[in-house]
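Quick one, fold the following:
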Amino acid sequence: MKPLKECRVLVTATSYGKNDPTLFSHLEARVGEVIYNTTGKPLDSKQLQALLRDIDGYIAGLDCIDRQAILYANRLQVIARYGVGVDAVDLAAAKERGIIVTNTPGANSVSVAELAVGMMLALARNLVTATQATKSGQWPRLNGVSIEGKTVGILGFGSIGKNVAKRLCGFDCTLLAYDPLLPEGPGDYGVQLLSQDEVIEQADFLTLHCPLLEDNWGMVNDNFLARMKPGAFLINTARGELVDEEALLRALQAGRLSGAALDVFTRQPPDPHNPLLALPQVIVTPHTGAHSDGASNAMGWGALVNCLAVLQGQEPLNRVV
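Residues are numbered from 1 along each chain as shown. Modelled structure (predicted):
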């Protein structure tokens, strides 16, 4: 085992240390050299291939960590994800090379849940349209809807889904949820756990909090959207690949849905000509769910602790493979 002070660590998470600079000083004091991502955005496979050689530890953002990139990692011991999702990491390739992969479960749950609820309120009250109109000198009378008395459906009732429900408890709405790992029946925070179809069909607001798996890519397709309640709203702060964007566009243009709020897209950043961006009933944000002071600090320290543990020959707290 190489002494920690001789290890080289790559940090590509773009918001790492932004709210707590002591993350930088702590890491730099513990290891021999730290290399940072200076592009300000996630790295693709070719960019990683140029950086991973002779790296021992890797604190990773939303980079494309595919098999080809991993093949260039001749000394890599750990990929410590700054966040929860590991769908951009070729886990099989990492395991074959003896590279440990970790994540930071729960670190951004509150932050993402708060954004989802904020998006729900913004959709319900036309806040973006109202703001733009008022700033342009107009004084419109826009009709919104109340969350009170409505049904909110939560697909995926893990840590983020539970935090969404917790924050909606005071809104006097009906809370329904589906999670394939949980039995139907009463859930936490006054939530009723039902089948996925029942949640889709009954929700006035449907918010996605599912992990991206092989069997749910593009699950929000024409058939899914046709089963949603007419006039419902869709919120996605999970993964862009869960939604067939062309199908969503058709549902919005046809008036089947009243609106959608998207923090994630299949292609990130989305093409400026993506027709969803031109629809006034669509709110979009730049994958900002985890970008709060609390989430950034929790993910930063979690990834740091996991990375250093592996480099010191210890078992990390949050091992994925």
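
What are the boundaries of the helices in the stretch 51-200 of the chain?
Per DSSP state H, counting those that start in this stretch, the stretch 51-200 of the chain carries helices over the ranges 67-71, 91-96, 109-124, 127-135, 159-168, 196-202.

ok, how many other residues are close to the residue nearest to residue 239 when sequence neighbours are not counted?
Leaving aside its sequence neighbours, residue 239 sits nearest to residue 212 (C-beta to C-beta, 6 or more residues apart in numbering; 4.1 Å). For glycine as for every other residue, the C-beta is placed from the backbone atoms N, C-alpha and C. Using other C-beta atoms under 10 Å, residue 212 has 17 neighbouring residues.

Let me know whether residue 212 touches residue 85 as I believe.
Yes - between residue 212 and residue 85 there is a contact at 6.8 Å, judged by C-beta atoms under 8 Å.

Can you pull the residues that touch both of those two?
With contacts taken as C-beta atoms under 8 Å, 6 or more residues apart in numbering, residue 212 and residue 85 have residue 239 as neighbours in common.

the helices in the stretch 201-321 of the chain, which residues?
222-227, 245-253, 293-311.

how far away is the nearest residue to residue 9 once chain neighbours are set aside from residue 91?
Leaving aside its sequence neighbours, residue 9 sits nearest to residue 57 (C-beta to C-beta, 6+ apart; 4.2 Å). Separation of residue 57 from residue 91 (C-beta to C-beta, to the nearest Å): 18 Å.

now swap in residue 181 and tell me
Using C-beta to C-beta, residue 181 is found at 19 Å from residue 91.

who's more crowded, those two?
residue 91 (16 against 7).

In this structure residue 300 contacts residue 20, no?
Yes - using C-beta under 8 Å, residue 300 is in contact with residue 20, at 6.4 Å.

Compare neighbour counts for the two and give me the winner.
For residue 300 versus residue 20, the count of surrounding residues by other C-beta under 10 Å is larger for residue 300: 27 against 16.

check contacts around the more buried one.
Listed by C-beta under 8 Å, 6+ apart, the contact partners of residue 300 are 13, 16, 17, 20, 23, 82.
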